[in-house]
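Peer 1: return atomic coordinates for the entry below.
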Amino acid sequence: MEYFVGILITLVIYGVVIRKVDSGRCFRYEFIIKTLIIIGLYIISIIMLFVHFYLFNISFFVFLFLFSIPALMFLSLKYTIQRFYDLGLSGWYILLKLIPVFSLFVTFYLYGKKGNPAINEYDNAINYTKLFNDRRCINIYDNFFIIDNEEYQYERYLNTYTINISKYGKETFFSEYLKKNYKINETDRNKTVEITNIEFTNIINNLNLIIINNSFYININKLEIFIRKEDFKYTIILDRNINETSKELLDTLGFPGSFYEDERYIYYGRINKNDLLTWIKTVA
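Peer 2: From the prediction side, this is the model:
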């Protein structure tokens, strides 16, 4: 009975972690480094617990090391799940690690198999807003957009946008701009502004906003660019299906990093943070 209860508790814990870690990739080199560090910290924690229990009185540091073990377990599960994501596999494949002996083959597979560099369903972009110190960003979704952490609902019909502004929300530079330049229609609960598609584009240009689409692509010089963190550095990716990728245009933008490509994507990889920041400030 205890055996089945243990299995059930393990499955529940794994399920909770998988739900929490629902995206993000851990690339092979990064996975190797992080897991080796975790193993080293495990060893240090166990040694320190042994030393305290057998040589000293129980102190605050004992609890510190006791709490560190669950944290290390979570990180180990997180990076393993994200390694499966890097290989385009569901996080539930981590359950294979629970099978005796077979788990060794799974571990060797995770350490040895190189992930596909193409964008997959688990990819996360970096936080684009942190790249800009002197510029504001507009993060556009299907029915709302976010500026300075303020959310604005909108509806789109043909070439017309209807933007909702809360009557009780705080005034922002964006709402002030709308009130100053466009007619405001008031209802009992909110205010609305109707503008055309061209006017919406002009507002973005006039306010010098950086466009982000669904927290995934950032618009730079009419290109939709995806930037992710990969093996402790950065990679810029252009999808040929949604971008013009002529050699002349790419040469003009002067992308940093090492260039490589496949049938669908163009990659600029192994970019240091300083080089990425310099490039962003130059072209955006």
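Peer 1: tell me where the stretch 151-284 of the chain has helices.
Peer 2: Under the criterion DSSP state H, counting those that start in this stretch, helices of the stretch 151-284 of the chain are mapped to 173-181, 197-206, 247-253, 273-283.
Peer 1: need the contact list for the most centrally placed residue in the chain.
Peer 2: Centroid-nearest residue in the chain, with Cα atoms, centre = their mean: residue 124, separated by 3.3 Å. Residues near residue 124 by Cβ atoms under 8 Å, 6 or more residues apart in numbering: 23, 24, 25, 228. Where you see a C-beta, it was placed from the backbone N, CA and C, and this is true even at glycine.
Peer 1: now it: how far from residue 231?
Peer 2: 15 Å (Cβ to Cβ, to the nearest Å).
Peer 1: go on, residue 111?
Peer 2: Distance from residue 111 to residue 231, by Cβ to Cβ: 14 Å.
Peer 1: residue 19 too?
Peer 2: Applying Cβ to Cβ, the value for residue 19 to residue 231 is 26 Å.
Peer 1: again, but for residue 82
Peer 2: For residue 82 relative to residue 231 (Cβ to Cβ), the value is 13 Å.
Peer 1: what of residue 185?
Peer 2: Taken as Cβ to Cβ, the span from residue 185 to residue 231 is 51 Å.
Peer 1: same check on residue 221?
Peer 2: For residue 221, the distance to residue 231 - Cβ to Cβ - is 27 Å.
Peer 1: where does pLDDT dip in the stretch 101-250 of the chain?
Peer 2: 169 (pLDDT under 70).
Peer 1: can you show me the strands along it?
Peer 2: 137-140, 144-147, 150-157, 160-166, 185-186, 190-196, 210-213, 217-220, 223-230, 233-239 (DSSP state E, counting those that start in this stretch).
Peer 1: just the C-alpha atoms of the second one, please, in CSV.
Peer 2: By that I understand strand 144-147. Output of strand 144-147 as CSV, limited to C-alpha atoms (Å, rounded to 0.1, in the frame of the first residue of the first chain):
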residue,chain,number,x,y,z
PHE,A,144,-5.7,43.6,-26.0
PHE,A,145,-2.4,45.3,-25.8
ILE,A,146,-0.1,46.3,-22.9
ILE,A,147,1.9,49.6,-22.5
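Peer 1: residues of that strand that come out buried?
Peer 2: With burial defined by 16 or more other Cβ atoms under 10 Å, the residues of strand 144-147 counted as buried are 145, 146, 147.
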